[in-house]
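J.: Got a predicted model here, sequence first, then my questions.
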Amino acid sequence: MEPMAIVSIFVLSVFVGFEVVSKVSSTLHTPLMSGANAIHGVILVGAIIVADHSTTNLELGLSVAAIILATINMVGGFVVTDRMLEMFKGNKK
Amino acid sequence: MNRTLYDLIGLAAGVAFILALKGLSHPKTARRGNLIGAFGAALATLVVFFHTNEGSSLPLNNLGWILGAIAVGLVIGVPAARKVQMTQMPQLVALFNGVGGGAAALVAIVEYLNLGDTATTAEVIFTVFTVIVGCVSFSGSIITFMKLQELMTTRPVIFPAGRFIIAATLVSVLGVGGWVVNSLGTTPLLILAGLSLLFGILFVLPVGGADVPIVISLLNAFTGLTVAASGYVLDSTLLIIAGTLVGASGTILTRLMAEAMGRSLFGTLFGAFTAKPQDVAAAGEERPVRSGSPDDVAILLNYARRVVIVPGFGLAVAQAQHTVRELADLMISKGIDVAYGIHPVAGRMPGHMNVLLAEANVPYDQLAEMDEVNPTFGQTDVAIVIGANDVVNPAAQTTPGCPIYGMPILEVNNAANIIFLKRSMRPGFAGIENELLYDPKTMLLFGDAKASLTKVVSALKAL
């Protein structure tokens, strides 16, 4: 990919990231952190790509470990966030 | 699947992540936001099975291994997330974050092995970054997990010359990083990973109990950045977008949390470098305290006009949220004005108490935030502190140099009477003695919070 395109994507994503969470009440800090935590579990995609590339047993072993860890991060993260937020149900301000 | 379609679906997943973070920032849309995020992640994962870069073909190589590994991850992750107790959620989040960082570091290592000599300098630099930060996030998160799970001391661990050791480790990490970029070898990369793991441990050890949530949030932002860096190496726009979003929003969130706790972010981050060994205060000295019975407490409450309940981690441990609501309802039926004083970081995480009380269906309008409730303590007859300690410790205002100095507290010391429900005289998470326990207007009720509250409820009913 063009280096300039990558820099643009990066800078714009930084601003979007800053903007979307800039005014969040302290009540939601924990679920928001947990949700963001689940989102970076998308490294699973990267782990699958490198598993596809793997040619040696070492590479394959490491990528299998990466897939396991990433799946735990992603799926566990979304499930635990949902459980936290379930508690807020029916308590509208 | 052609590259354009693949990238478009990746873009859709990126948009889903933005909407997820946006949704998670508001109470009403939070749950939907999380589901949108999960949808984006599922979509991104699914589509990668139908796309290959030039030179390889479908189905993916090692497909059996890939699917098997995902199944193993599901079998571990889902039950862990479903069965965890409310009180243990913070450390589970720390653990999930750590394994994410570990995964990013492993991905970078495999891609590095795979590229070998064909790697460009930029790719190597991003690989080095991912390995360093991913390993720091992994080992640092494991230490925060152990602190929160109380597998190790929750106090800051400070050793002689600690800051020089930490600084030396950081310098070697950077030095070896430079070595990898220059000489391209597997051995230097593995040394780099080892040193980074060590640095992660040393970085988090000096962090005191109350600052642990801030560190988890920071490591979360770190992991996001490693995902973005892997995205560059793997030529995946989606990983760049998702990783950067988490890195940026995580940084802001870390700052917001630090502000809510009245902590300097800089002080927290570089505590490792500035921490000096402290004189441990003469702990364990025997001083008289006034302890009471559930009946004494019930009588005090019965004649009160205004009562403020201050919940803390002890409430979560005892799972006493339903009992405390029962007590509050009973007092309200007797015409007593009742409010819950919620410290933003009571418990182990910001918002911990709100979640817990919401589970017991405590009406939202009875929950008062710190700024709201503090001016009212002067007119409050009784403050009931349930398993909280550091968040009401006046030392935060009166003792410069103590670890929580400067943290805003709930000023229960202004109330006419204070009741502490405690398991023991053990100090709070920050490990500091609380003078308030020895105050003449304080009454202590020892025991499990749920058992104590149940007794108070029945005593109050009998009056």
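T.: Okay, I see it.

J.: use CA for all of it now, contacts and neighbours both
T.: Fine.

J.: Identify the residues contacting residue B:354.
T.: A:27, B:342, B:367 (CA atoms under 8 Å, 6 or more residues apart in numbering or on different chains).

J.: PyMOL command for the buried members of those residues?
T.: Buried subset of the contacts of residue B:354, written as a PyMOL selection, criterion 16 or more other CA atoms under 10 Å in any protein chain shown:
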select buried, (chain A and resi 27) or (chain B and resi 342+367)
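
J.: Quickly name whichever of the contacts of residue B:354 is closest to residue B:433.
T.: Within those, proximity to residue B:433 (CA to CA) peaks at residue B:342, which comes in at 21.4 Å.

J.: Give the rounded mean pLDDT of stretch A:72-88.
T.: Stretch A:72-88 carries an average pLDDT of 88.

J.: now swap in stretch B:104-121 and tell me
T.: Mean predicted confidence for stretch B:104-121 is 88.

J.: now do stretch B:49-69
T.: On average, stretch B:49-69 scores 80.

J.: and it, how far from the chain's centre?
T.: Distance of stretch B:49-69 from the chain centroid (CA atoms, centre = their mean, to the nearest Å) equals 36 Å.

J.: Can you list the buried residues in stretch B:159-166?
T.: B:162-163, B:166.

J.: Show the contacting residues for residue B:135.
T.: Counting by CA under 8 Å, 6+ apart, residue B:135 has contacts B:101-102, B:105, B:193, B:196-197, B:200.

J.: Out of those residues, who's the most crowded?
T.: Counting neighbours by other CA atoms under 10 Å in any protein chain shown, residue B:101 comes out on top of those with 39 neighbours.

J.: returning to that earlier point: so which of the contacts of residue B:354 comes closest to residue B:406?
T.: residue B:342 (17.8 Å).

J.: didn't the closest one look like it was pressed against residue B:372?
T.: No - applying CA atoms under 8 Å as the test, residue B:342 and residue B:372 come out as separate, 9.6 Å apart.

J.: Walking through chain A, point out its helices one by one.
T.: A:3-20, A:29-39, A:43-53, A:57-71, A:77-86 (DSSP state H).

J.: Tell me which of those helices sits most buried.
T.: Mean neighbour count (mean count of other CA atoms under 10 Å in any protein chain shown) peaks for helix A:29-39 among these, with a mean of 30.

J.: Does anything pack onto it? Which helices or strands?
T.: helix A:77-86, helix B:3-24, helix B:30-47, helix B:89-115, helix B:212-233, helix B:237-260 (3 or more CA pairs under 8 Å, 6 or more residues apart in numbering or on different chains; DSSP states H and E).

J.: centre of the chain versus that helix, how much separation?
T.: That offset, for helix A:29-39, works out to 9 Å (CA atoms, centre = their mean).

J.: List the contacts of that helix.
T.: Against helix A:29-39 from outside (CA under 8 Å, 6+ apart): A:73-78, A:80-81, A:84-85, B:17, B:21, B:24-25, B:34, B:37-38, B:41, B:93, B:96-97, B:217, B:220, B:224, B:242, B:246, B:249-250, B:253, B:257, B:349-352.

J.: Dump it to PDB, keeping only the CA atoms.
T.: Taking C-alpha atoms only, helix A:29-39 is exported to PDB below (Å, rounded to 0.1, in the frame of the first residue of the first chain):
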ATOM      1  CA  HIS A  29     -15.400   3.600  31.600                       C
ATOM      2  CA  THR A  30     -15.100  -0.100  32.400                       C
ATOM      3  CA  PRO A  31     -17.500  -1.400  29.700                       C
ATOM      4  CA  LEU A  32     -15.900   0.900  27.200                       C
ATOM      5  CA  MET A  33     -12.500  -0.300  28.000                       C
ATOM      6  CA  SER A  34     -13.700  -3.900  27.800                       C
ATOM      7  CA  GLY A  35     -15.400  -3.200  24.400                       C
ATOM      8  CA  ALA A  36     -12.300  -1.600  23.000                       C
ATOM      9  CA  ASN A  37     -10.300  -4.500  24.400                       C
ATOM     10  CA  ALA A  38     -12.500  -6.900  22.400                       C
ATOM     11  CA  ILE A  39     -12.100  -4.900  19.200                       C
END
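
J.: quick one: average pLDDT of it?
T.: 90.

J.: now the angle from it to helix B:3-24?
T.: 170 degrees (axes from the mean of the first three to the mean of the last three CA atoms, to 10 degrees).

J.: ranges for the strands of chain B?
T.: For chain B, the strands defined by DSSP state E occupy B:306-311, B:337-342, B:367-369, B:382-386, B:417-422, B:442-446.

J.: who does the shortest one pair up with?
T.: Meaning strand B:367-369. For strand B:367-369, the paired strands and their directions (DSSP bridges) read strand B:337-342 (parallel).

J.: so where's the stretch 201-350 of chain B uncertain?
T.: Low-confidence segments of the stretch 201-350 of chain B (pLDDT under 70): B:209-210, B:261-263, B:267-287.

J.: tell me which parts of it are close to chain A?
T.: Within reach of chain A by CA under 8 Å from any CA of the partner chain, the stretch 201-350 of chain B has these residues: B:217, B:220, B:223-224, B:227, B:230-232, B:234-235, B:237, B:239-250, B:252-253, B:257, B:260, B:344, B:349-350.

J.: Weed out the non-buried ones from the residues you listed.
T.: B:217, B:220, B:223-224, B:227, B:230-232, B:234, B:237, B:239-250, B:252-253, B:257, B:260, B:344, B:349-350.

J.: For chain A, tell me whether stretch B:5-14 is touching it.
T.: No - Stretch B:5-14 does not reach chain A (CA under 8 Å from any CA); its nearest approach is 9.8 Å.

J.: Any idea how far that stretch is from the middle of the chain?
T.: Per CA atoms, centre = their mean, the centroid offset for stretch B:5-14 relative to its chain is 31 Å.

J.: could I get that stretch in PDB with only the CA atoms?
T.: This file holds the C-alpha atoms of stretch B:5-14, laid out as PDB (Å, rounded to 0.1, in the frame of the first residue of the first chain):
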ATOM      1  CA  LEU B   5     -14.700  -6.700  -2.400                       C
ATOM      2  CA  TYR B   6     -12.400  -8.000   0.400                       C
ATOM      3  CA  ASP B   7     -11.300  -4.400   1.200                       C
ATOM      4  CA  LEU B   8     -14.900  -3.100   1.100                       C
ATOM      5  CA  ILE B   9     -16.000  -5.700   3.600                       C
ATOM      6  CA  GLY B  10     -12.900  -4.800   5.700                       C
ATOM      7  CA  LEU B  11     -14.000  -1.200   5.500                       C
ATOM      8  CA  ALA B  12     -17.500  -2.100   6.600                       C
ATOM      9  CA  ALA B  13     -16.000  -3.900   9.700                       C
ATOM     10  CA  GLY B  14     -13.900  -0.800  10.400                       C
END
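
J.: So which bits of it are buried?
T.: B:6, B:9-14.
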